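>>> Please find the sequence and the predicted model below.
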Amino acid sequence: MPRLYVLVLSGGAGTRLWPLSRRDRPKQFLELLGEGSLLQDTVDRVSEFVPSERIFVVAPPEHRALIHEQLPDLRADHLVVEPYPRGNAAAIALAMAALAAFDPDAVVAVLPSDHVVGNRAQFRKVLIAATAAAERGHLVTLGITPERADTGFGYIEAGEKLDLDSPIEVRTVKRFVEKPKKDAAERMVAAGGHYWNAGMFVWRVEEILRAYERHLPRTAKAIEALRDAIGSPRYESVLAEVWEETDHTTVDYGIAEKAENVAVVPADIGWQDVGSWGRLAEIVSKADNWASGDLVAEGAHGNYIWAPGKTVALIGVEELIVVDTPDALLVTTKERSEAVKTIVDRLKREGGEDLL
């Protein structure tokens, strides 16, 4: 893949993994699955076939030091800093401007920093297929083969197969479906040809910039002003001036759901989204109960315990999530673990800033 670049999105707050994930060190910087953070694992995964000089990261300014600490081989000018959150459409557009200046013919894989991929060999084949479609002018998304009728993901309905020389078939996209109700999700999984939308994309830089011009013109205008300033002393002042003018939305909603040249690569790659404690428990729980330290369990089943350095005793409880940090303790059920974000929102409202 001689033209492939990688952009890693590292701007998420990870609020559903509170109290371990905090503002100063959100989940992508944490070692949740053994040695190495989620961010480091994302970069390591692509470094097997993409050289370091073609890897970029976009992140907020407060994480600049953390990124260089965890990714010492990342070039300083390959860290694209978004002034403050405006949704990933603006962050991606900002990075595309930098990439266009670096290599206007680049094909770029856009990858979140909080995903787990179990099958790296298949992941590489998927990116080869996606690159072939992107070189033909398609905006390509990776569609995860669904394991169940999960209502926590958006879905992609695939259409006709594209005529490409690639190791995996690539199909047109008929439609995107926002997070569905249970019965709708069950129908889509039963019908086949539907995939989870994981928010991973591959496209030519100039093709996605044209899509911004058509579907998010305010962002396109801001990015055009920035392209003229890249590498000059006035870049920071121009960025400060135009950033508020960008569209506050996601690239899925702002572009992918509206564009006509979108394609999907079915990606059976052992993918997991570390989006909540419940999902993390699914990834790591190979035994009846899982704990970060010593565990004594009597009549207890299906529990996930994060309490490093402590022996935890469980008696007669099931399907719990327990996360112990020096200043906060979370106790919830796996079923309700997605609701941790509501605790973070409440702490914001009630003045608990020191816990965020």
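Received, thanks.
>>> rest of the way, CA atoms for contacts and neighbours
Noted.
>>> Could you break this structure into its assigned domains?
With domains defined by automatic domain parsing, the chain comprises 4-273, 277-355.
>>> May I see the ones you listed organised as a markdown table, with mean neighbour count and mean pLDDT added?
A markdown table is the format used below for the domains of the chain (neighbours: other Cα atoms under 10 Å; pLDDT from 0 to 100):
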| stretch | mean neighbour count | mean pLDDT |
| --- | --- | --- |
| domain 4-273 | 19 | 93 |
| domain 277-355 | 15 | 94 |
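>>> all helices for the stretch 151-300 of the chain, in order.
Here the stretch 151-300 of the chain has its helices, by DSSP state H, counting those that start in this stretch, at 182-191, 205-215, 217-229, 235-242, 251, 277-284.
>>> so Trp306 touches Asp324, yeah?
Yes. Counting by Cα atoms under 8 Å, Trp306 touches Asp324, with 6.0 Å between them.
>>> tilt between whichever strand or helix holds Val8 and helix 205-215?
In this assignment (DSSP states H and E), Val8 forms part of strand 4-9. Strand 4-9 and helix 205-215 are oriented at 50 degrees to each other (axes from the mean of the first three to the mean of the last three Cα atoms, to 10 degrees).
>>> related to what we said a few turns ago, could I get the helices of the stretch 151-300 of the chain as TSV with distance to Ala98?
Below are the helices of the stretch 151-300 of the chain laid out as TSV (distance: least, Cα to Cα, whole Å):
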stretch	distance to Ala98
helix 182-191	38
helix 205-215	10
helix 217-229	7
helix 235-242	11
helix 251	17
helix 277-284	34
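>>> So which of these is nearest Ala121?
Closest to Ala121 of those is helix 277-284 (Cα to Cα; 19.2 Å).
>>> For that closest one, name the packing helices and strands.
If contacts are counted by 3 or more Cα pairs under 8 Å, 6 or more residues apart in numbering; DSSP states H and E, helix 277-284 sits against strand 271-273.
>>> Each with direction, which strands does the strand it packs on pair with?
Strands that pair with strand 271-273, judged by DSSP bridges, come out as strand 115-117 (antiparallel).
>>> quick one on the thing from earlier: immediately after the strand holding Val8, which helix or strand?
Following strand 4-9 toward the C-terminus (DSSP H and E): helix 38-47.
>>> which residues touch that next one?
Helix 38-47 is contacted from outside by 6, 8, 10, 27-32, 70-71, 111, 113-116, 120, using Cα atoms under 8 Å, 6 or more residues apart in numbering.
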